[in-house]
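[1] predicted coordinates and the sequence they were generated for:
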Amino acid sequence: MRRTIAVVLALVLQGCSHSATRPPAPPPSAEASALPAAGGGLGAAPASASASSAKAGPCTIFPADNVWHADVSKLPVHRDSASWVASIGAAAHAHPDFGTTFGIPVTSVPAGQAGVKVTFEYAGESDPGPYPIPRNARVEGGADAGGDRHVIVQDTAACKAYELYNATVQGDGSWKAGSGAVYDLRGNALRKSGWTSADAAGLPILPGLPRADEAAAGKIDHAIRFTAPKTRKAFIWPARHAASDATDAALPPMGARFRLKASVDISKYPPQARAVAQALKTYGAILADNGSPWYFTGTEDAKWSNTQLDALKALKGTDFEAVDSSLLMVDANSARCRP
């Protein structure tokens, strides 16, 4: 018994790194949709530990102890891994849903960028404005695109991210959107349980996007956002929202975390693809939305090489496994993770 406890504790303590999306469905109730974590009750932690924030130092995309930066390479395989992989598609190939002309663009704004009004379809679950979003902010897919039309704005001076789903600029410079969320990038606060965000799982989008500058530096130090065709009417930490009516236990809940198996040989991948694949091994991927199987989202950036990224398409569902990320949880209402 003592040996078992020691092994689990060792797995937990290795957790956090210290390097510094389809329409959101109207939410089921938090009580009906939040699944207990495999390692304990989802609502067991005290609210006093719900967020931590380092107010000094440079603006990073969340602190080093945030769940997006957690090393999951040594976590145990989740008991439902096989069924979840099968439901997403064991034979389906991975797809890098980002590159030179596709992906989710990020608009950086200077200090003092003027805030504008945003009108929301899901106003009850959206953070109120004003949002410092310029009229020319980049929209996923382009100004005339259909689809999710995400707008992501990063304000490094204020160290905040502003995210919109289904966003359209109006004639007066204001915006209309399906939903929206504001994140303090120096903190670990999660959204209210049961709330959506600009993503179906109620998660931030920015920290899950591989960026070309990270790949060029040779290290992507965070988990990657991805989609699955069908999800369950449930969510697990750190997700806050479900977007399905399905109750089949074989389907993964929002927030499920997967990793690329250590046995997969990525040594011959070109540099950009190898950086992404290594991130999938070390930090894994978080299920954030309904969509095509194993579609991994990143930034739209001319610095990407679509040819290099195409190497990731050799990966298939059986190359991935779900992990039990509940061992990382300190507080159900915080993204901070152990140690």
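    Alright, I've got the coordinates.

[2] is it true that Ser81 touches Ala322?
    Yes: look at Ser81 against Ala322 with Cβ atoms under 8 Å: they come within range, at 3.9 Å. Just so you know, the C-beta spots here come from the backbone N, C-alpha and C atoms, and that holds for glycine as well.

[3] can you give me the strands in the stretch 151-300 of the chain?
    151-155, 160-165, 168-169, 175-177, 179-184, 224-228, 257-260, 285-290, 295-300 (DSSP state E, counting those that start in this stretch).

[4] got a markdown table for the ones you listed, with mean pLDDT, mean neighbour count and distance to Thr101 too?
    Written out in a markdown table, the entries for the strands of the stretch 151-300 of the chain read as follows (pLDDT from 0 to 100; neighbours: other Cβ atoms under 10 Å; distance: least, Cβ to Cβ, whole Å):
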| stretch | mean pLDDT | mean neighbour count | distance to Thr101 |
| --- | --- | --- | --- |
| strand 151-155 | 98 | 23 | 17 |
| strand 160-165 | 98 | 26 | 21 |
| strand 168-169 | 98 | 16 | 21 |
| strand 175-177 | 98 | 21 | 23 |
| strand 179-184 | 98 | 23 | 25 |
| strand 224-228 | 98 | 26 | 19 |
| strand 257-260 | 98 | 26 | 26 |
| strand 285-290 | 98 | 25 | 21 |
| strand 295-300 | 98 | 23 | 7 |
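
[5] need those strands in JSON lines (columns: distance to Asp331).
    Supplementary listing: those in JSON lines, determined by distance: least, Cβ to Cβ, whole Å:
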{"stretch": "strand 151-155", "distance to Asp331": "26"}
{"stretch": "strand 160-165", "distance to Asp331": "21"}
{"stretch": "strand 168-169", "distance to Asp331": "37"}
{"stretch": "strand 175-177", "distance to Asp331": "29"}
{"stretch": "strand 179-184", "distance to Asp331": "16"}
{"stretch": "strand 224-228", "distance to Asp331": "22"}
{"stretch": "strand 257-260", "distance to Asp331": "17"}
{"stretch": "strand 285-290", "distance to Asp331": "18"}
{"stretch": "strand 295-300", "distance to Asp331": "27"}
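
[6] quick one: closest of those strands to Trp237.
    Among the strands of the stretch 151-300 of the chain, the nearest to Trp237 by Cβ to Cβ is strand 257-260 (9.6 Å).

[7] name the helices or strands packed onto that closest one?
    Based on contacts counted as 3 or more Cβ pairs under 8 Å, 6 or more residues apart in numbering; DSSP states H and E, the elements that strand 257-260 packs against are helix 271-282, strand 285-290, strand 320-323.

[8] which of those sits closest to Thr227?
    When the helices and strands packed on strand 257-260 are ranked by proximity to Thr227 (Cβ to Cβ), strand 285-290 comes first, at 4.8 Å.

[9] what's that closest one in contact with?
    In this structure, residues lying in contact with strand 285-290 by Cβ atoms under 8 Å, 6 or more residues apart in numbering are 21-22, 68, 199-201, 203, 205, 208, 223-231, 238-239, 243-244, 252-259, 296-297, 320.

[10] sheet partners, orientation included, of that strand?
    Its sheet considered, strand 285-290 pairs with strand 224-228 (parallel), strand 257-260 (antiparallel) by DSSP bridges.

[11] so how far is it off the chain centroid?
    Here strand 285-290 is found 7 Å from its chain centre; the criterion is Cα atoms, centre = their mean, to the nearest Å.

[12] let me have the strands paired with strand 285-290 in JSON lines, extended by distance to Ala277.
    Supplementary listing: the strands paired with strand 285-290 in JSON lines, determined by distance: least, Cβ to Cβ, whole Å:
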{"stretch": "strand 224-228", "distance to Ala277": "10"}
{"stretch": "strand 257-260", "distance to Ala277": "6"}
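
[13] which non-adjacent residue is nearest Leu260?
    Residue nearest to Leu260 in three dimensions, not counting chain neighbours: Leu280, with 3.9 Å by Cβ to Cβ, 6 or more residues apart in numbering.

[14] and that neighbour, what does it touch?
    224, 259-260, 296, 320.
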